[in-house]
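Asker: Give me a model of this one.
(3 chains)
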Amino acid sequence: MNHPHNIIFELYKKLLFEYGPQGWWPLLNDSGEMIYRKNQLQRKLSANQQLEICLGAILTQNTNWKNATAALRNLAENKKLSMSASKKLSQAQLAELIRPAGYYNQKASYIKNFLELIGENGFRSFEELSVIKLRKKLLSVKGIGNETADCILLYAFNKISFVVDAYTTRILTKMDQISGKTNYIQVQNIFTESLERDITIYKEYHGLLVAHGKKYYQKKPYGIGDPL
DNA sequence: CGCCAGGGCCTCA
DNA sequence: TGAGGCCATGGC
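Answerer: Residues are numbered from 1 along each chain as shown, chains lettered A, B, ... in the order given. The predicted structure is shown next:
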């Protein structure tokens, strides 16, 4: 296998050494705390957990994860984190529950669109689709763009698709690997072409980039004090 | 007070 | 295709 950007795999190893396994995607426990599953990433998710990941991916769009968590907690406390219960909510009821996540009217609409795609048969009917086909279906939903689709693919459907977020772009820009006009797919390709096709690496790498990004790439100018 | 958070859509070139 | 405006709460 070719590794045109060895620096990408080198960065992964450095981040893993620095921060350790991240256990993404986090899930709510019964006490309403977000749990990162560092030692049981391989365990199969329940349908409700798959749904929680999908809704979390939409709720956290351009939004602090704490705010998205508060919205998910509202849904959980009201027993709405299941396909059947969530589909019974009106868009206005949904918007009220997810209010702390911000953009709540837009996101309520986006979530309704997503639930409509999944339909009555739930996630099972999608699991045999190729990652290409499922990605296209997700992108056809109004409210699901590249990053949200890849989060859902990777973490909810366990399909290999690298997630690129704002931190990823900032970190690679600082490393002179991309420029301001490198688009999403181009950044994603840099990772895909540089890494072995290992879903555990994909899951961990995105979590590690976020951990690193939160520490050094929040304030401008980005990357001040980054030791890597 | 201002800035921004684990984006995406629409409009207009 | 891509730049700019818009969506909104909560933390700091």
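
Asker: Contacts made by whatever helix or strand A:I7 lives in with the rest, please.
Answerer: In this structure, A:I7 sits in helix A:6-19 according to DSSP states H and E. Applying C-beta atoms under 8 Å, 6 or more residues apart in numbering, the external contacts of helix A:6-19 come out as A:3, A:171, A:175, A:177, A:190-191, A:194-195, A:201, A:204-205, A:208-209, A:211-212, A:228. To be clear about C-beta, it is placed using only N, CA and C from the backbone, and glycine gets the same treatment.

Asker: Repeat the analysis, applying 7 Å as the threshold.
Answerer: Under the contact criterion C-beta atoms under 7 Å, 6 or more residues apart in numbering, helix A:6-19 has outside partners A:3, A:177, A:190-191, A:194-195, A:201, A:204-205, A:208, A:211-212, A:228.

Asker: For that helix, what does the pLDDT average out to?
Answerer: Mean pLDDT, computed over helix A:6-19, is 97.

Asker: For that helix, C-alpha coordinates in PDB please.
Answerer: Taking C-alpha atoms only, helix A:6-19 is exported to PDB below (Å, rounded to 0.1, in the frame of the first residue of the first chain):
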ATOM      1  CA  ASN A   6       3.600   9.400   5.900                       C
ATOM      2  CA  ILE A   7       3.400  12.500   8.000                       C
ATOM      3  CA  ILE A   8      -0.300  11.800   8.400                       C
ATOM      4  CA  PHE A   9       0.300   8.400  10.000                       C
ATOM      5  CA  GLU A  10       3.200   9.900  12.000                       C
ATOM      6  CA  LEU A  11       0.800  12.500  13.400                       C
ATOM      7  CA  TYR A  12      -1.700   9.800  14.400                       C
ATOM      8  CA  LYS A  13       1.000   8.000  16.400                       C
ATOM      9  CA  LYS A  14       2.100  11.200  18.100                       C
ATOM     10  CA  LEU A  15      -1.500  12.100  19.000                       C
ATOM     11  CA  LEU A  16      -2.200   8.600  20.300                       C
ATOM     12  CA  PHE A  17       0.900   8.600  22.400                       C
ATOM     13  CA  GLU A  18       0.100  12.100  23.700                       C
ATOM     14  CA  TYR A  19      -3.600  11.700  24.500                       C
END
